[in-house]
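# Pasting a predicted model and its sequence here:
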Protein chains: 2
Amino acid sequence: MKDLNKSQLTISGRVTLADVAKAAGVSTSAVSRTFTPGASVAKKTRTHILKVATNLGYRPNAIARTLSTQRSRIIGLVVSYLHNQFYPTIIERLSQHLQAQGYHVLLFISGDHSGAEAETDSLVLDILQYQVDGLVLMSTTMSSRLAMHCHTLGIPVVMLNRTAPIKQVNAVSSNNYEGGRLAARFFINAGAHRISFIGGLKNASTTVERQQGFIDELLHHDISPHSQVYGNYDFHTAGQVTQSLFTTKNPPDALFVANDHMAFSVLDVLRSKLGIAVPDDVQVIGFDNVPQASWRAYYLTTVEQNAEQMVKHTITTLLDSLKSPTAEPRQIVVPVKLIERGTTWKLP
Amino acid sequence: MKDLNKSQLTISGRVTLADVAKAAGVSTSAVSRTFTPGASVAKKTRTHILKVATNLGYRPNAIARTLSTQRSRIIGLVVSYLHNQFYPTIIERLSQHLQAQGYHVLLFISGDHSGAEAETDSLVLDILQYQVDGLVLMSTTMSSRLAMHCHTLGIPVVMLNRTAPIKQVNAVSSNNYEGGRLAARFFINAGAHRISFIGGLKNASTTVERQQGFIDELLHHDISPHSQVYGNYDFHTAGQVTQSLFTTKNPPDALFVANDHMAFSVLDVLRSKLGIAVPDDVQVIGFDNVPQASWRAYYLTTVEQNAEQMVKHTITTLLDSLKSPTAEPRQIVVPVKLIERGTTWKLP
DNA sequence: TTGTACGCGTTATCAT
DNA sequence: ATGATAACGCGTACAA
């Protein structure tokens, strides 16, 4: 309350360093140092300045500081969409951790349509204009190009939940390949015969890697996949492909879906539109284990992707890159595990 | 590809207006004007400058521009948490629309614990330091104080999905009160007798208003609520209070839950831990209608909050406030409607 | 139409 | 420990 009243004295809101200096009868440098942790100011003048400053409702201007120091303490975060609950989960934790370190997150929604390639350049421009100190990329479509471009410009980049053939940029992801294998083995052990895969975008690393592990393991057991289709990471599309998959003479009896978001749509269609029982008629495995969805587990076996671990690796990688831009690029792969239907697990 | 190659010529990444001016043999103002839409530059020099600029890989520095123009084109977005799917939905659309208008979103996660009051001041400081042009508040706890403070400082503020007794700041929200009444009427018509309410945070406007409408309508029909408890907008807590609600001698037969996120937890506990059938033993109504959750509708009647409408009102309100800071504050209330169990609705 | 010069609010350098 | 002053990169009068 005190704060509020005081700042009302200066409704103008534009109190600068110079104003404080004048009012306190000191130089601007003194004021600046007062607000610079670990600078050399006499305790007495410091407290005096501090008093005058709060009295005037002064707040340092981060923009001006950025111009002067060449560091914005802003991290750009590029993401395609937020429908998949996995992303909000990540974003929340990432932002919290960064805030704790004095950084902030500037959000970029990249869209996800097929014409996205053209959009990339304009997005790059947008991002770079804001002088972000670093970049976290969770975008599906344009990650590789974007990553290389910014990396070339000397901006620390971490690709999160994405990988690319490029080994120069940092990447944190789950062991998607192994996740695919786990799914395949689960189905094989369960005695499934007609085993299908529903991917997201055909070229996205999360789809490719999960699919590859899945297929490899099937083939290793001399089973060829029943069918492989793609839902474009879209709820509606995933439902459609499911429907067409089951309106054939020989429908699958096991489905590995590339993420939970689509898996939910699949389950929905199976039950409500097709009247197919899960898991009695069809086994379904998803991927992500989005938090607080324990009630879904009764229908769904899923491959768990550990959001907290991924975020932590991302933060440390990013901050380390900020400190020593010449550091070796890191390729971090977080282990996954299969969580079986009916299993209960701790809620966060 | 051309772009990439060219910009590799200047790996340093620090190309300024002055550099371009020098290289093009013109003044800095000429360059500046070239990048200022609608400024007076000769077509010939303009194209020449543009060529030199792209050749050098020049990108305007938004930070410096901010310092000069006093407008950052950054909108601060304050939100407590992203677990409730309603928030990501809003954020995605909000950010997209703002990007289309040349604005960008700086994200602030405010946390939601009880000691949050103290956190407010430090958050305010954080936000103001970045010279945001405007502010969208979706935080549960600290909205009112924060809103007034920033409003006083002359920063356009829109409270989204929050309301406060303060009428000086813009607010966009759903008709929560009416939503509560709809829920009550539904239960009454369904012949429920022991009708309960599960709120979020006791003081949050979304809880208070929904609860008020609900209770008012019940009383209007001479029904007194069976019980009123609070899940703090938390998945786990909501489950716990549900459990305790049903381990009494006289459990409710109807539950109005203040948002979908908690409602899912309620459903989960009812089915898996308590073995209670929905809707046969208990009727459940949620609030939000989070997108792409149609498959949940078979268990849940919900009050629909129209995210797209709320976002649109928020954007126009915000942009109008930016243009004319003296404009009258707006209190926009978006209508809601009840979506009954089994109803299907369009997916986005 | 174009160029010069100053201001935006801060940090950094160099004296004192 | 403190103060004057020059950057930082860009708009924008004002003058030409």
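Happy to help now that I have it. Residues are numbered from 1 along each chain as shown, chains lettered A, B, ... in the order given.
# Nearest to DNA strand D: which residue in chain A?
As assessed by C-beta to the nearest atom of the strand, DNA strand D sits closest to A:Ser40 within chain A, at 2.7 Å. Any C-beta I mention is one placed from the backbone N, CA and C, and that applies to glycine too.
# Could you please name the strands the host helix or strand of A:Val333 pairs with and the direction of each pair?
Using DSSP states H and E, A:Val333 sits in strand A:331-334. Applying DSSP bridges, strand A:331-334 is found paired with strand A:170-174 (parallel).
# Can you show me the CA trace of the strand it pairs with as PDB?
In PDB, the C-alpha atoms belonging to strand A:170-174 read as follows (Å, rounded to 0.1, in the frame of the first residue of the first chain):
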ATOM      1  CA  ASN A 170      22.200 -27.400 -28.900                       C
ATOM      2  CA  ALA A 171      19.300 -29.800 -28.700                       C
ATOM      3  CA  VAL A 172      17.400 -31.300 -25.900                       C
ATOM      4  CA  SER A 173      14.900 -34.000 -26.600                       C
ATOM      5  CA  SER A 174      13.600 -37.200 -25.400                       C
END
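# Now do the buried residues in it.
A:Asn170, A:Ala171, A:Val172, A:Ser173, A:Ser174 (16 or more other C-beta atoms under 10 Å in any protein chain shown).
# Just the closest of the residues you listed to B:Ile285, please.
A:Ser174 (37.0 Å; C-beta to C-beta).
# partner residues bridging that closest one?
Under DSSP bridges, the beta-bridge partners of A:Ser174 are A:Val334.
# picking up where we left off before, would CSV of the buried residues of strand A:170-174 with distance to B:Leu245 and pLDDT be doable?
Listed next are the buried residues of strand A:170-174 as CSV, based on distance: C-beta to C-beta, whole Å; pLDDT from 0 to 100:
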residue, distance to B:Leu245, pLDDT
A:Asn170, 48, 95
A:Ala171, 47, 95
A:Val172, 42, 97
A:Ser173, 42, 96
A:Ser174, 38, 97
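# okay, those in CSV with distance to A:Thr326 next?
Converted to CSV, those look like this (distance: C-beta to C-beta, whole Å):
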residue, distance to A:Thr326
A:Asn170, 13
A:Ala171, 18
A:Val172, 20
A:Ser173, 23
A:Ser174, 28
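# Quick one: these as a markdown table, columns for distance to DNA strand C too.
What follows is the buried residues of strand A:170-174, written out as a markdown table (distance: C-beta to the nearest atom of the strand, whole Å):
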| residue | distance to DNA strand C |
| --- | --- |
| A:Asn170 | 26 |
| A:Ala171 | 32 |
| A:Val172 | 30 |
| A:Ser173 | 36 |
| A:Ser174 | 39 |
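# ok, those vs B:Ser68, which is closest?
A:Asn170 (34.1 Å).
# And the closest residue to the closest one other than its chain neighbours, how close does it get to chain B?
Excluding the flanking residues, the one nearest A:Asn170 by C-beta to C-beta, 6 or more residues apart in numbering or on different chains is A:Val158, at 4.5 Å. Note on A:Val158: its distance to chain B, by C-beta to the nearest C-beta, to the nearest Å, is 17 Å.
# how close does A:Val158 sit to B:Val15?
Computed as C-beta to C-beta, to the nearest Å, the A:Val158 to B:Val15 distance reads 25 Å.
# And what about the single nearest residue of the stretch 151-300 of chain A relative to DNA strand C, helix, strand or coil?
Proximity of the stretch 151-300 of chain A to DNA strand C (C-beta to the nearest atom of the strand) peaks at A:Gly154, 18.7 Å away. Secondary structure state of A:Gly154, per DSSP: H, G, I helix; E, B strand; the rest coil, is coil.
# Kindly confirm whether my reading is correct that it touches A:Thr326.
No - assessed by C-beta atoms under 8 Å, A:Gly154 is found out of contact with A:Thr326, at 10.1 Å.
# so what sits against both of the two?
By C-beta atoms under 8 Å, 6 or more residues apart in numbering or on different chains, A:Gly154 and A:Thr326 have no common neighbours.
# residues in contact with whichever residue of the stretch 101-250 of chain A sits closest to DNA strand C?
Closest contact between the stretch 101-250 of chain A and DNA strand C, by C-beta to the nearest atom of the strand, is at A:Gly102 (12.2 Å). Applying C-beta under 8 Å, 6+ apart, we find A:Gly102 in contact with A:Arg73.
# quick one: the strands in chain A?
For chain A, strands defined by DSSP state E occupy the ranges A:74-79, A:104-109, A:134-137, A:157-160, A:170-174, A:195-199, A:227-230, A:254-257, A:283-288, A:301-304, A:331-334, A:337-339.
# Could you say which of these is packed most deeply?
Of all the strands of chain A, strand A:254-257 carries the top mean neighbour count, a mean of 29, counting by mean count of other C-beta atoms under 10 Å in any protein chain shown.
# Is chain B within reach of that one?
No - Strand A:254-257 is not in contact with chain B by C-beta under 8 Å from any C-beta of the partner chain; minimum separation 13.8 Å.
# Packing partners of that strand?
helix A:176-189, strand A:195-199, helix A:235-246, helix A:260-268, strand A:283-288 (3 or more C-beta pairs under 8 Å, 6 or more residues apart in numbering or on different chains; DSSP states H and E).
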